[in-house]
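Asker: no sequence for this one, just the structure:
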């Protein structure tokens, strides 16, 4: 059995915020940990309508349903996703809110909520476009689905070759989010 | 004694099932002679249609595939992509090629698919007993146009060679007829030319052959030949509609 | 052994086909299988293969027919509405004894339906993939890894029995990424196809044809084909038995819904309910014997599908009235949740005590 926690996550926001990439990174970390993982995107016209979301699971057993309807972890990066998904989180679950975009507060008291102004933080630290990675760093720290070291190794593996120079910035963003 | 006339090697000994006076037999022979002329009998794959020529696989003495109705150009595409060195031809009637299989025909041509289509146009559905074809002439009486083809409701006949000649992928398109000895000689040359175009890898080639259907036209064979000359030829003029070889290989 | 990599189902199917020696792909774009064709378009030209985007699914399946007749290992892929268009060609391929691999990444129907995952084409795949007396091989893998493993087997059986094979996937399996170990990229030796129409003359010539005007001849050909089907049923039915030994409630499902059902069975076991899962891996041939065996110990069956209930017909036939068979399904693109299925298992367990 792994020392890392199981994860049934939903990640949601606008297309272009790097939602699917963030999901892939989480799944890849699970793969590096030698665990069972799944990644399922929303697809079709929904993709082109501006919103994007994906389900990511990590477990030691075969993943049952890769479509997560009751997540134990949620990252939301826009208001429509906040409205749609916060109520679906399991009691005791974790919610990470991109608070530089979403001004609303989570009204339920049975989940752990982290408000991270990721876009603002990214701008302040010269990490433009890496708000998603900052939020992922927070989720990693809050849930322990993998280790920071694995996550760093993941970034080295999945950042496309032509953007390899951005790997250190991705790692910086992860650490920034985890420490926030 | 010297042999002056014999059956082409690329035809089997099977007796043709075509009606008396039908010109399919002549066209079969011309195709077989062209294959023999190229000495490619063992490198040829033919595709039979649905229609009067559905049994063509019994007659051509080479590998044959029987295609679903209208799909012969797609089937030939699959064969040619696997065996580019082979001579691949389809043998199709007007309903098969210009009605149910129009999309397959047009797109094989537009891709410049390096195959040859032998298109037999007799302005009627023969196999099913004489219904209106996409190439039936205005006012032509058929089982399904009993008062004559009314272009207001049934539209106009399709001139296939003219249409396909507009496509860049078409390398050679010619309309011929088998109503007379001189025209049969021209048809033989045209089929050979189309096969040569394919052998040279120039792209899509089609030979449209005006043909008779005495049974469903309700005419005797001689009258049928007259009807073809008097009615079909004016609407479907004979001639070369596209020849990339004459244009130095470039598309129009 | 190769490394575990993270791959999307559609792309994994394509790569597995390439590694199984397939170099010919003919298709037409449709959601949610698009990535498969796109992967082939990228890869095949680099390895002397042929990717061709046809003018329609009808043309695509007929290009497959031609390439298969010419002796190639060939495939096409589509999704539900596109498969309907291919049924003509599939029937002709069966009638001409031609092998090929057809992939259906199912979406909701009928008509244009939706684009979300569905299992509503079970009847089409197993009962009428075309007109006439016929069957095709139908495989229903439940993970990206099993899809990959199925591809080579499907090609091999299709060649051995000279018939089309279908992998019946769905939008979930096609779109999801999972870890997968790909087969080694060593050269595949394709079987000799002496029947191929790729250039023979005279007595040696080959004909690929499905027309038999003589009724007696056609009957005898169809009977010979059904004799082969009987052999396939005997030798090649596949299923997975999970926690079945002492199961009182036997849940049965295939593909994506089997994933959900297995999760529910695990939860039921954790609650002390004796539940198990019988998962057909081949839908044709249907693993009838596994059901006959399970019926000896089970108190009831519960069939779970992403449809209004199609496979349940075959389950009831196989169980032969010996045990009650209940059904739970969601349709139109909705994936049932493990909690819903658990609720149904509890109803069954309650009802049998």
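Answerer: The structure has been received and is ready for your questions. Every value quoted in this text rests on a predicted model; they were computed, and no experiment measured them.
Asker: burial measure for whichever residue of chain C sits closest to chain A, as a count.
Answerer: Closest contact between chain C and chain A, by CB to the nearest CB, is at residue C:263 (2.4 Å). The way it works is simple: take the backbone N, C-alpha and C, and place the C-beta from them, glycine included. Neighbours of residue C:263 under the rule other CB atoms under 10 Å in any protein chain shown: 21.
Asker: if I look at residue C:139, how far off is residue C:79?
Answerer: 16 Å (CB to CB, to the nearest Å).
Asker: ok, now residue B:189?
Answerer: 48 Å.
Asker: and those two? Which one has more around it.
Answerer: It is residue C:79, of residue B:189 and residue C:79, that has more neighbours when counted by other CB under 10 Å, with 28 against 14.
Asker: check what pLDDT that one gets.
Answerer: Here the pLDDT value assigned to residue C:79 is 97.
Asker: isn't it right up against residue C:28?
Answerer: No: between residue C:79 and residue C:28 there is no contact under CB atoms under 8 Å: 10.2 Å.
Asker: for residue C:177, grab phi and psi.
Answerer: When read as degrees, to the nearest 10, the backbone of residue C:177 gives phi -110, psi 140.
Asker: who does it bridge with?
Answerer: residue A:39, residue C:8 (DSSP bridges).
Asker: the longest helix in chain B is where?
Answerer: What stands out as the longest helix in chain B, according to DSSP state H, is helix B:181-199.
Asker: next SSE downstream of that helix?
Answerer: strand B:204-210 (DSSP states H and E).
Asker: does any bit of that next one sit next to chain C?
Answerer: No: shown here: strand B:204-210 not in contact with chain C (CB under 8 Å from any CB of the partner chain), separated by at least 13.9 Å.
Asker: quick one: that strand to helix B:181-199, angle?
Answerer: 160 degrees (axes from the mean of the first three to the mean of the last three CA atoms, to 10 degrees).
Asker: number of nearby residues for residue A:113?
Answerer: Residue A:113, neighbours per other CB under 10 Å, totals 19.
Asker: what about the residue of the stretch 51-200 of chain C found nearest chain B, how many neighbours?
Answerer: The nearest approach of the stretch 51-200 of chain C to chain B comes at residue C:66, 2.5 Å away (CB to the nearest CB). For residue C:66, the neighbour count with other CB under 10 Å is 33.
Asker: quick check: it is in a strand.
Answerer: No: assigned with DSSP: H, G, I helix; E, B strand; the rest coil, residue C:66 falls outside any strand and is helix.
Asker: quick check: closest non-adjacent residue to it.
Answerer: residue B:78 (2.5 Å; CB to CB, 6 or more residues apart in numbering or on different chains).
Asker: run the angle between the strand or helix carrying the one you found and helix B:181-199 for me.
Answerer: Here residue B:78 sits within helix B:72-82, counting by DSSP H and E. Angle of helix B:72-82 versus helix B:181-199, following the same axes, to 10 degrees, is 40 degrees.
Asker: who's in contact with the very next helix or strand once past helix B:72-82?
Answerer: Using DSSP H and E, the helix or strand that follows helix B:72-82 in sequence is strand B:87-93. The contact list for strand B:87-93 (CB atoms under 8 Å, 6 or more residues apart in numbering or on different chains) reads B:31, B:35, B:38, B:40, B:43-49, B:51-53, B:56, B:60, B:67, B:72-73, B:75-76, B:79-80, B:101, B:114-122, B:125-127, B:133, B:195, B:198-199.
Asker: Three-state assignment for residue 157, please.
Answerer: I'll assume chain A. Applying three-state DSSP: residue A:157 is helix.
Asker: the chain in question should be chain C.
Answerer: Taking three-state DSSP, the label given to residue C:157 is helix.
Asker: relative to residue C:68, how far out is it?
Answerer: As for residue C:157, its distance to residue C:68 is 14 Å (criterion: CB to CB).
Asker: does chain B have contacts with the longest helix seen in chain C?
Answerer: Ranked by residue count under DSSP H, the longest helix found in chain C is helix C:215-236. No: judged by CB under 8 Å from any CB, helix C:215-236 stays clear of chain B, getting no closer than 13.5 Å.
Asker: packing partners of that helix?
Answerer: helix C:144-161 (3 or more CB pairs under 8 Å, 6 or more residues apart in numbering or on different chains; DSSP states H and E).
Asker: do that again at 10 Å, thanks
Answerer: If contacts are counted by 3 or more CB pairs under 10 Å, 6 or more residues apart in numbering or on different chains; DSSP states H and E, helix C:215-236 sits against helix C:80-95, strand C:137-139, helix C:144-161, strand C:282-284, helix C:288-297.
Asker: average pLDDT for it?
Answerer: For helix C:215-236, the mean confidence score works out to 98.
Asker: and the angle from it to helix C:144-161?
Answerer: 140 degrees.
Asker: would you map out the domains in chain C?
Answerer: C:4-190+C:210-236, C:240-352 (automatic domain parsing).
Asker: gap between the two ends of the first one?
Answerer: The first and last residues of domain C:4-190+C:210-236 sit 28 Å apart, counting by CA to CA, to the nearest Å.
Asker: roughly how far apart are residue A:88 and residue A:69?
Answerer: From residue A:88 over to residue A:69 the distance is 7 Å, taken as CB to CB.
Asker: same deal with residue C:207?
Answerer: Counting by CB to CB - residue C:207 and residue A:69 are separated by 55 Å.
Asker: neighbour-wise, which of these two wins?
Answerer: The residue with more neighbours, out of residue C:207 and residue A:69, is residue C:207; 19 against 14, by other CB under 10 Å.
Asker: which residues touch that one?
Answerer: Counting by CB atoms under 10 Å, 6 or more residues apart in numbering or on different chains, residue C:207 makes contact with B:46, B:48, B:57-58, B:60, B:62-66, C:69, C:96, C:195, C:197, C:200.
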